[in-house]
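Engineer: Quick one, fold the following:
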Amino acid sequence: MNERVKKTVMPERYYSLDTNMSFDKIKQAEQSGEFLIARVCYYDSKMECLIVNLGNEFKGIIPLDEFTIYRNKKSDFSISPAVYSFIGKNICACVKEIDNDGTIILSRKANMIKAFNYLSHLENVIVPCSITSIVKYGAFVDVGHGINGLIHIKNFCRTYVENLTYIGFYEGKFIDAKIISTNPDNYQIDLTYKDLFDNLAYTFNYGDIIRVTVLSKVSETNEGYYTYINPNTTGIINPPFAPRNFKFPYGSKVLAFVKHSSKKNYDKLRLHFISFID
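Structural biologist: Numbers count the residues shown, from 1 in each chain. Sure, this is the predicted structure:
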């Protein structure tokens, strides 16, 4: 199965508050288990809960223990900075109960478990993601309703990328990715991005002029540099003959022409430098 998943579970950043929220909608959500969108306002240290806005001036609370399926405490006395990072942002949460005094108690944790169980059945399915952080070994993404996913660098690009921003990726960007596997022990999902793209190397012919991004040196003993064409297509470019000891800045955009391509080996695309692109 290799199809784009229906928009049942989307990254939390995708959703906005319901400006027509009503108490009837909240009661209905409590009965049906349907999630609501809430904006985190602040953390109340006395009550150990987050105060949220449900839209149209309706307020609710999320106890700290109901906020996430992931670790949320640094110790018994302080919460993780990651929790504070949600202040001012929208999240998805279920209505756990409504107290006799009308206090609306929500659970983001319960909603995340439901979302993970749904996503765990979508192996090899393409899902929408939002990049939450970029690290040296890849990128963490929100796969839907706050569920953590990891796209390892080897599954992001066909070759090593020193900095994903070189090829246009940044925190908050929406992308599609394919689920490889799920881990119920830590609620993490592994995905691949490069497999959504064809390897274009075999489509190029000698003399074709293409635009590429310089990624990294092939090795200290080799003058060549890996270049990015798309996530599943890379080539090797050598510096111009002059000046001597020329070095390509990583992330630079370059115009090149194809010196050699192999219909049998897609990794044998060799390029010749023409000029830098502003």
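
Engineer: all contacts plus neighbour counts: C-alpha atoms, from now on.
Structural biologist: Will do.

Engineer: for the stretch 1-150 of the chain, which spans come out with low pLDDT?
Structural biologist: 1-7, 72-79 (pLDDT under 70).

Engineer: the helices in it, which residues?
Structural biologist: All helices of the stretch 1-150 of the chain, identified by DSSP state H, counting those that start in this stretch, fall at 23-32, 81-84, 108-119.

Engineer: Could you dump those into TSV with mean neighbour count and distance to Val218 added?
Structural biologist: Shown next, in TSV, are those (neighbours: other C-alpha atoms under 10 Å; distance: least, C-alpha to C-alpha, whole Å):
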stretch	mean neighbour count	distance to Val218
helix 23-32	14	56
helix 81-84	14	37
helix 108-119	20	38
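
Engineer: In CSV, list those along with distance to Pro231.
Structural biologist: Shown next, in CSV, are the helices of the stretch 1-150 of the chain (distance: least, C-alpha to C-alpha, whole Å):
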stretch, distance to Pro231
helix 23-32, 41
helix 81-84, 30
helix 108-119, 24
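
Engineer: Show me how far stretch 136-145 is from its chain's centre.
Structural biologist: 4 Å (C-alpha atoms, centre = their mean, to the nearest Å).

Engineer: and of the helices of the stretch 1-150 of the chain, who's closest to Glu220?
Structural biologist: helix 81-84 (39.0 Å; C-alpha to C-alpha).

Engineer: Give me the neighbour count for Val125.
Structural biologist: 17 (other C-alpha atoms under 10 Å).

Engineer: actually Lys89, sorry about that
Structural biologist: Counted with other C-alpha under 10 Å, Lys89 comes out at 14.

Engineer: What is the burial count for Glu66?
Structural biologist: When neighbours are counted by other C-alpha under 10 Å, Glu66 comes out with 20.

Engineer: I'd say it and Ala110 touch.
Structural biologist: Yes: using C-alpha atoms under 8 Å as the test, Glu66 is close enough to Ala110 to be in contact (7.3 Å).

Engineer: so which of the helices of the stretch 1-150 of the chain gets nearest Ile98?
Structural biologist: helix 23-32 (8.1 Å).

Engineer: what sits up against that closest one?
Structural biologist: With C-alpha atoms under 8 Å, 6 or more residues apart in numbering as the test, helix 23-32 has contacts from Phe35, Leu36, Cys94, Val95, Lys96, Glu97.
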